[in-house]
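Trainee: Below: sequence and its predicted model.
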Amino acid sequence: MKQIIPPTVCPACGSNLELINEQLFCRNNQCPAQWDKKVEGFTSTLKIKGFGPSTINKLQIQDYSEIYQLTVEDIQSRLGSEKIATKLVAEIEKSKSSKLQELIPAFSIPLIGRSAAAKLCSVVSDVEEINESTCSQAGLGPKATENILNWLEMDYYPNQYRDNLPFEWKNKIVEKKEVTGVVCITGKLKSYPTKAHAQKVLESKGFVVKSSLTKDCNYLVNESGIESAKTQTARDRGVIIINNIVKFLGEL
């Protein structure tokens, strides 16, 4: 059997490879192959259309800031199409309005995806408010916290992302409304023309509206008066039956 000899240098950049747990890693932060993947993830997350693997490879981007330095002329000279170049520049321009919750997952930080970003943005109003305390407050685990703090220390601050990338890096914290109750609507309504209208009113008063009678429902709207199986189940569970939404809300 012919012996397979693993490579010792990265085929993309020529840097020495590091063997960890039988896997080879290139530690060169400027490796073009790594940057192709970073740019692919970045543009995909921010929904910048037109940045497929072939296009990214031809553009030879070596830093996120280079995306925003591209002109129609630059792209046309590398891709050979003014039409494509014009579309790409328009897509890049649109991405400048990306919010912090969209930005955080775009930098390929391990364990920091959309869910972690949403949690962070529930407690911070600026990227520079991210620290061990706010990560804990957001409910991030130790490893995810370590990863994003490392990113801030090793990438965000040293590479001056705030100055070099055209984003605000700010976030408007949406205050969570206190939940008044969980409501299910059944049958035809008399107090509102549509269920959608009734739902909007109920939600404005702090109610969560469900489409089915789940176990957490404590109210059932039945304005028709028909004793359906759903209504009987609600009674058996001790769920409060609402016969008129307007009257019910007026009594709160």
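Mentor: That came through, no problem.
Trainee: tell me the contacts of residue 241?
Mentor: With contact taken as C-beta atoms under 8 Å, 6 or more residues apart in numbering, residue 241 is in contact with 219-220, 222, 231, 234-235. C-beta: built from backbone N, CA, C; applies to glycine.
Trainee: if we go to 6 Å?
Mentor: When the contact criterion is C-beta atoms under 6 Å, 6 or more residues apart in numbering, the partners of residue 241 are 220, 222.
Trainee: quick check, it in a strand?
Mentor: Yes: secondary structure of residue 241 (DSSP: H, G, I helix; E, B strand; the rest coil): part of a strand.
Trainee: Give the burial count for residue 200, as a bare number.
Mentor: Counted with other C-beta atoms under 10 Å, the neighbours of residue 200 add up to 12.
Trainee: Let me know the distance separating it from residue 223.
Mentor: Going from residue 200 to residue 223 by C-beta to C-beta, to the nearest Å gives 16 Å.
Trainee: Equivalent analysis for residue 110, please.
Mentor: Computed with C-beta to C-beta, the distance linking residue 110 and residue 223 is 52 Å.
Trainee: Tell me which of these two has more neighbours.
Mentor: Counted by other C-beta under 10 Å, residue 110 and residue 223 do not tie: residue 223 has more neighbours, with 20 against 12.
Trainee: What score does the more buried one have for pLDDT?
Mentor: Among the per-residue scores, residue 223 shows a pLDDT of 93.
Trainee: So it sits against residue 190, correct?
Mentor: Yes: using C-beta atoms under 6 Å, residue 223 is in contact with residue 190, at 4.6 Å.
Trainee: just the strands in the stretch 151-252 of the chain please.
Mentor: With DSSP state E, counting those that start in this stretch as the criterion, the stretch 151-252 of the chain has strands at 181-186, 207-210, 219-222, 240-242.
Trainee: Sheet-wise, list the partners of the second one with their directions.
Mentor: Yep, that's strand 207-210 we're talking about. Partners of strand 207-210 in the sheet, by DSSP bridges, are strand 181-186 (parallel).
Trainee: for the third one, same thing?
Mentor: Each strand pairing with strand 219-222, determined using DSSP bridges, is listed with its direction: strand 181-186 (parallel), strand 240-242 (parallel).
Trainee: who's in contact with that strand?
Mentor: By C-beta under 6 Å, 6+ apart, the surrounding residues in contact with strand 219-222 are 181, 183-187, 231, 234, 239-242.
Trainee: List the buried residues for it?
Mentor: Neighbour counts over strand 219-222 (16 or more other C-beta atoms under 10 Å) mark 219-222 as buried.
Trainee: Tell me which residues touch residue 178, please.
Mentor: When contacts are counted by C-beta under 6 Å, 6+ apart, residue 178 is found next to residue 206.
Trainee: Please report how far it lies from residue 207.
Mentor: Shown here: residue 178 relative to residue 207, a distance of 11 Å by C-beta to C-beta.
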